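**Q** Sequence and predicted structure, then a few things I'm wondering about:
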Amino acid sequence: MYQLIDGKAISQQIKDELKEKVEKRKAQGEEICMAVIQVGSDPASSVYVNNKKKACAYIGIQSLAYELPEETTEEELLGLIGELNAKEEVSGILVQLPLPGHINEEKILLAIDPAKDVDGFHPVNVGNLSIGRPGYVSCTPAGVIQLLKRSGIEIEGKECVVLGRSNIVGKPMAMLLLRENGTVTVCHSRTKNLKEITKRADILVVAIGKPKFVDAGYVKEGAVVIDVGIHRNENNKLCGDVDFEDVAPHTSAITPVPGGVGPMTIAMLMNNCVEGVK
Ligand code: NAP
């Protein structure tokens with residue numbers, strides 16, 4: 001029987017731990033404040049932004065919401081980021097992606113002070129991760145590490161295969177597994193003999209953005225499988241990059257979708273906000 005890794009419960013545990021820390025800091029007169037910027041009114045972005053604001057409220061972090069109109073110019077947004085960079089009381093700045101087409105996302109992300117980059121997307125933070133220096137780490141892969149650790153799954157010495165090499169999931173995931181002393185292989189769309197490689201994995205992290213792509217044929221008997229993917233299927237139900245029903249019986253532990261990696265992203269964002277002000 002496999003272990004179902006409960007991301008909902010683990011993320012709640014993390015949020016409760018953070019809430020306690022924030023209460024203690026408040027008692028010492030320290031406030032944590034995060035700026036959340038949304039440009040335009042994309043409904044999916046509004047849901048994410050609201051969830052982030054709710055999590056801040058739960059933990060006791062003050063959130064400054066900037067809901068800017070779709071026609072906001074790049075210069076105006078850069079101006080706001082400059083102001084927030086300079087404000088001592090703002091400890092974290094989050095710009096909800098995607099931005100409208102007329103704004104250069106890279107330029108915006110580069111403008112955020114790396115010391116306030118709670119998403120961990122700034123090249124300074126990416127670089128710090130790759131050379132083992134402290135810095136903000138991208139929230140989703142950081143959440144995967146917490147899921148493994150808090151489920152009692154050892155990473156050290158394990159064959160870890162990451163399926164996907166995006167800048168926000170695959171690459172930082174590989175770096176984090178390496179930091180935990182895993183032996184890491186990264187696969188992508190040009191990888192040859194994909195199944196042979198994924199079947200070597202003791203820990204398989206799947207982030208390829210293709211619904212139910214990974215079936216039992218990709219998985220070694222007894223492996224741990226972490227599914228980062230999130231999609232809506234033809235019946236409007238959520239599913240991952242892994243065919244859960246097919247794969248789960250062959251694993252020793254697996255994350256479901258929903259309720260696996262998903263809830264961890266916001267929990268780790270909150271963790272970045274709280275730990276970042278240390
Ligand atoms: P992405 O930027 O589209 O990257 C997908 C990666 O998979 C790429 O590296 C690509 O290779 C590789 N790939 C695609 N098709 C492949 C194939 N047939 N064989 C092998 N590799 C293949 O996606 P992402 O942003 O990393 O996100 C991945 C998934 O995670 C998505 O479903 C996304 O919605 C989800 N996600 C969830 C969370 C969360 O909070 N739970 C957060 C972020 C993302 P190339 O580089 O060669 O193109």
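**A** Sure thing, it's come through.
**Q** ok now the lengthiest helix in the chain, how far from the chain's centre?
**A** For the chain, the helix reaching the highest residue count under DSSP state H is reported as helix 7-27. Distance of helix 7-27 from the chain centroid (Cα atoms, centre = their mean, to the nearest Å) equals 17 Å.
**Q** who's in contact with the residue in the stretch 1-150 of the chain that the ligand sits nearest to?
**A** Going by Cβ to the nearest ligand atom, the ligand is nearest to T140 of the stretch 1-150 of the chain, at 4.1 Å. Heads up, the C-betas are built off the backbone N, CA and C, glycines and all. Applying Cβ atoms under 8 Å, 6 or more residues apart in numbering to T140 gives the contacts 168-169, 173, 228, 261, 264-265, 268.
**Q** ok, back up a step: for the helix or strand following the longest helix of the chain, packing partners?
**A** For helix 7-27, the succeeding helix or strand toward the C-terminus, using DSSP states H and E, is strand 33-39. For strand 33-39, the packing partners by 3 or more Cβ pairs under 8 Å, 6 or more residues apart in numbering; DSSP states H and E come out as helix 43-59, strand 62-68, helix 74-86, strand 92-95.
**Q** Can you say which helix or strand has V184 in it?
**A** V184 belongs to strand 183-187, assigned by DSSP H and E.
**Q** Quick check: mean pLDDT of the next helix or strand after that strand?
**A** Downstream of strand 183-187, the next assigned helix or strand under DSSP H and E is helix 194-198. In this model, helix 194-198 carries a mean pLDDT of 98.
**Q** Next, the buried residues of helix 194-198.
**A** For helix 194-198, a neighbour-count test (16 or more other Cβ atoms under 10 Å) marks 194, 197-198 as buried.
**Q** quick one: which of the residues you listed is nearest to V186?
**A** Nearest to V186 among the buried residues of helix 194-198 is I197, at 9.7 Å by Cβ to Cβ.
**Q** Pretty sure I208 sits in a strand.
**A** No: assigned with DSSP: H, G, I helix; E, B strand; the rest coil, I208 falls outside any strand and is coil.
**Q** mind listing what the residue nearest to it when sequence neighbours are not counted touches?
**A** Setting aside the residues directly before and after it, I208 is nearest to G164 in space (Cβ to Cβ, 6 or more residues apart in numbering), at 4.7 Å. Contact analysis of G164 by Cβ under 8 Å, 6+ apart lists 170, 173, 186-188, 206-209, 228.
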